[in-house]
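Novice: Attaching a predicted model along with its sequence, questions to come.
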Amino acid sequence: MERHIQLPLTEELARSLKAGDSVYVTGTVYTSRDAGHKRMCEALERGEKLPFDPTDATIYYVGPTPAKPGQVIGSAGPTTSGRMDAYAPTMMSVGARGMIGKGARLPEVVEAMKKYSGVYFGAIGGAGALLAKSIKKCELIAYEDLGAEALRKLYVEDMPLVVIIDCQGNNLYETGRAAYLKAAEL
């Protein structure tokens, strides 16, 4: 199913998405990778607030390249999501609901998604220049010393994504493979 969705990713919206849905996302997305996630989780352990309100937030696992003159952002392709698996359950426990990246997730992350109504969106690796075209605004909000891994606030319009794992734990990587293998037997 193809859908156009508007962020923030509320629980109601998250529950309406199904693994395999093609979505075009519009709204605010935050960027962070492993170094930024580590800092945020350490801050939470100390009882500190995050540099943004995580309620219903979607986090894009990306370390964009510098913008060329006249551009909002450089190439912005997804990074491997597994590097954030140690931090994702904590981020969801404080309200973050959406994750954008590439690759498989650990069972602990899927369980947290089911508990907190999280959704994992897949972005196409190697298509960073194309994905950057959907990014209309970019603002550095924290951890500037991390360079490409700094925390940024993006405004995206019609960013093309696929729901890989929905909040019921349905996983397109598993169901898609099973469907392919079944078709190959015919």
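Specialist: Nice, I can see it. Residues are numbered from 1 along each chain as shown.
Novice: now the strands for this protein?
Specialist: 2-6, 22-31, 58-60, 98-101, 119-122, 135-142, 151-165 (DSSP state E).
Novice: Quick one: list the elements packing against the first one.
Specialist: Strand 2-6 sits against strand 22-31, with contacts defined as 3 or more Cβ pairs under 8 Å, 6 or more residues apart in numbering; DSSP states H and E. All C-beta spots, glycine's among them, are computed from the backbone N, C-alpha and C.
Novice: Could you tell me which other helices and strands the strand it packs on packs against?
Specialist: Checking 3+ Cβ pairs under 8 Å, 6+ apart, strand 22-31 ends up next to strand 2-6, strand 58-60, strand 151-165.
Novice: burial count for residue 51?
Specialist: 17 (other Cβ atoms under 10 Å).
Novice: Go ahead and confirm it touches residue 144.
Specialist: No - counting by Cβ atoms under 8 Å, residue 144 is not a contact partner of residue 51; they are 11.0 Å apart.
Novice: Help me confirm that residue 169 comes into contact with residue 112.
Specialist: No - using Cβ under 8 Å, residue 169 makes no contact with residue 112, being 10.3 Å away.
Novice: Those two: who's more crowded?
Specialist: The residue with more neighbours, out of residue 169 and residue 112, is residue 112; 19 against 14, by other Cβ under 10 Å.
Novice: Which residue is the nearest non-sequential neighbour of that one?
Specialist: residue 89 (3.8 Å; Cβ to Cβ, 6 or more residues apart in numbering).
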